[in-house]
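[1] Have a look; sequence and predicted model below, questions after that.
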Amino acid sequence: MNNQDFIRQSSGFQTPDRRVHTFWRAIHTDPPLLIGIIVLCAFGLFVLYSASDGDMFIVRRQALIMLAGIFLMFVVAQFSPQFFRRWAPSLYGVGLGLLILVLFIGVEENGARSWLDLPGLPSFQPSETLKIVVPLLMAWYLASRPLPPRFKHLFWSAVMILIPAVLIVVQNDTGTAIMVAMSGIFAVLLAGIRWRIVFSALFSLLLISPAWYLFVAQEHQKNRILTFFDPYRDPTGAGYNIIQSQIAIGSGGIYGKGYGNGAQSHLDFIPESNTDFVLAVLAEEFGLLGVLFLICLYLFVLARGFYIAYSANDMFSRLLAGSIILTFFFYVFVNMAMVSGLVPVIGLPLPLVSRGGTAILTLFIAFGLLMSIQTHGRSKPN
């Protein structure tokens, strides 16, 4: 240490870069992640305005929800990861209680009985919160046990994942059930599960899938699977959405037709154009370049999330951060693949672009957890 460094350290002097770094850490905010989220939200509102035919009510509502989400993200980031670790079982119990309550007094919307409309509170979807609670519980459970997890720990992990997933399936919301299950499975995979167990599980699912299709799957689920293989078997019914979506994507070409000039969306050929199929609007109006720009924004947020998971100092934080960012990736991938016709339609919105409420707030809670893991003081590793 030279004399100038000694004088700066002893006098409490900090360079501008150091002061900025200290400021962001003091408010428990990760600047790269925050910038990526804000740019993604701004672009999402830009796309949503066109997808909603210039309906400013929808755009303003979405913007207010995003602002509420950012505030909630900052609040969550103020608490250390160990705080959430202590409360993980209780949050899981509350989440299951709300899912059970939905079965009795839930409100049906878009064919799914998954909403609660309690007096004095805005309506919300309890199943969305399980996308955070389940990986939180898995990280809590696995981090305090030998890794890779033993068979009995895998068994109880599967039970804890399946209970909320089954309750959500009963609500007729298969898409959210898959997301909740995957959020927990990602935590288990990150814990170091042996590959032979993974392949055995996949092989078992493959074996039982015909029985599920024949004896368990409901008629609308069978139609979605059959439509995936041949959308033109029912072009005006079950296959209508995906056919119109593919037409919109193909007609956009490389450069698109221009902002607000998408015929498929503005002439109401694309149902759910501002929710599940908003990507088709983007592809038609901005073409391949617009879609690639959105993918780059997602990749930036994903890269920062993976860095946070990689640099986390304890096993609980690593499992939680890793499962959160992998769930976010799965969210984006499934929607884009669904709109393109690469996977069956399961009703998942495009994160921070599609119109939504509870789903958006849940995403910001997840981002708050990532910032908490990145910015809080280093705790003792497991």
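    Alright, I've got the coordinates. Numbers count the residues shown, from 1 in each chain.

[2] Only C-alpha atoms from now on, for both contacts and neighbour counts.
    Noted.

[3] who's in contact with whichever strand or helix holds residue 155?
    Per DSSP states H and E, residue 155 falls inside helix 151-170. With contacts defined as Cα atoms under 8 Å, 6 or more residues apart in numbering, helix 151-170 is touched by 96, 99-100, 114, 127, 130, 134, 138, 141-142, 174, 176-178, 180-181, 184-185, 188.

[4] Distance from the chain centre to that helix, please.
    Put simply, helix 151-170 sits 19 Å off its chain's centre (Cα atoms, centre = their mean, to the nearest Å).

[5] repeat for stretch 136-145
    Taking Cα atoms, centre = their mean, one finds stretch 136-145 lying 20 Å from the centre of the chain it belongs to.

[6] go on, stretch 117-125?
    Stretch 117-125 has its C-alpha centroid displaced from the chain centroid by 22 Å (Cα atoms, centre = their mean).

[7] do stretch 335-343 as well
    Taking Cα atoms, centre = their mean, the mean C-alpha location of stretch 335-343 is offset from the chain mean by 16 Å.

[8] in the stretch 51-200 of the chain, which spans are helices?
    Taking DSSP state H, counting those that start in this stretch as the criterion, the stretch 51-200 of the chain carries its helices at 56-77, 81-105, 126-143, 151-170, 174-190, 195-211.

[9] could you dump these to CSV with distance to residue 254 and mean neighbour count?
    Listed next are the helices of the stretch 51-200 of the chain as CSV, based on distance: least, Cα to Cα, whole Å; neighbours: other Cα atoms under 10 Å:
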stretch, distance to residue 254, mean neighbour count
helix 56-77, 27, 18
helix 81-105, 44, 17
helix 126-143, 35, 26
helix 151-170, 39, 17
helix 174-190, 30, 22
helix 195-211, 38, 11
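
[10] Which one, of these, ends up nearest to residue 337?
    Residue 337 lies closest to helix 174-190 among the helices of the stretch 51-200 of the chain, at 13.5 Å (Cα to Cα).

[11] what sits up against that closest one?
    Helix 174-190 has contacts (Cα under 8 Å, 6+ apart) with 127-128, 130-132, 134-135, 138-139, 142, 154, 157, 161-162, 164-166, 168-169, 319-320, 322-324, 326-327, 330-331, 346-348.

[12] repeat that with 6 Å
    131, 134, 135, 161, 165, 168, 169, 319, 323, 327, 346, 347 (Cα atoms under 6 Å, 6 or more residues apart in numbering).

[13] got a list of what residue 80 touches?
    residue 372.

[14] change it to 7 Å
    Neighbouring residues of residue 80 by Cα atoms under 7 Å, 6 or more residues apart in numbering: 372, 376.

[15] Return the distance of residue 200 relative to residue 320.
    From residue 200 across to residue 320, the span is 25 Å (Cα to Cα, to the nearest Å).

[16] just residue 117 next, same as before
    Between residue 117 and residue 320 the computed distance is 30 Å (Cα to Cα).

[17] The two: which is more packed in?
    Taking other Cα atoms under 10 Å, residue 117 and residue 320 do not tie; residue 320 has more neighbours (32 against 14).

[18] List the buried residues for stretch 41-56?
    41, 43, 44, 45, 47, 48, 49, 50, 51, 52, 53 (16 or more other Cα atoms under 10 Å).

[19] Please go through the protein and pick out the longest helix.
    helix 278-311 (DSSP state H).

[20] quick check: mean pLDDT across that one?
    Helix 278-311 shows a mean pLDDT of 96.

[21] packing partners for that helix?
    The contact analysis (3 or more Cα pairs under 7 Å, 6 or more residues apart in numbering; DSSP states H and E) places helix 278-311 against helix 31-51, helix 240-252, helix 315-340.

[22] Just put the buried residues of stretch 41-56 in CSV and tack on pLDDT and distance to residue 231.
    Shown next, in CSV, are those (pLDDT from 0 to 100; distance: Cα to Cα, whole Å):
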residue, pLDDT, distance to residue 231
41, 96, 32
43, 96, 31
44, 95, 28
45, 96, 30
47, 95, 27
48, 94, 26
49, 94, 29
50, 92, 27
51, 91, 23
52, 90, 26
53, 87, 27
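
[23] Find the centremost residue of the chain, please.
    The C-alpha lying nearest the average C-alpha coordinate of the chain belongs to residue 328 (Cα atoms, centre = their mean; 4.0 Å).

[24] Quick check: which ranges of the stretch 101-250 of the chain have low pLDDT?
    For the stretch 101-250 of the chain, the stretches flagged by pLDDT under 70 are 110-111.

[25] if we go to 90?
    103-125, 144, 146-148, 151, 169-175, 192-242 (pLDDT under 90).

[26] Any regions of the stretch 251-382 of the chain where pLDDT drops low?
    Counting by pLDDT under 90, the stretch 251-382 of the chain shows low-confidence ranges at 260-276, 313, 341, 343-348, 356-358, 376-382.
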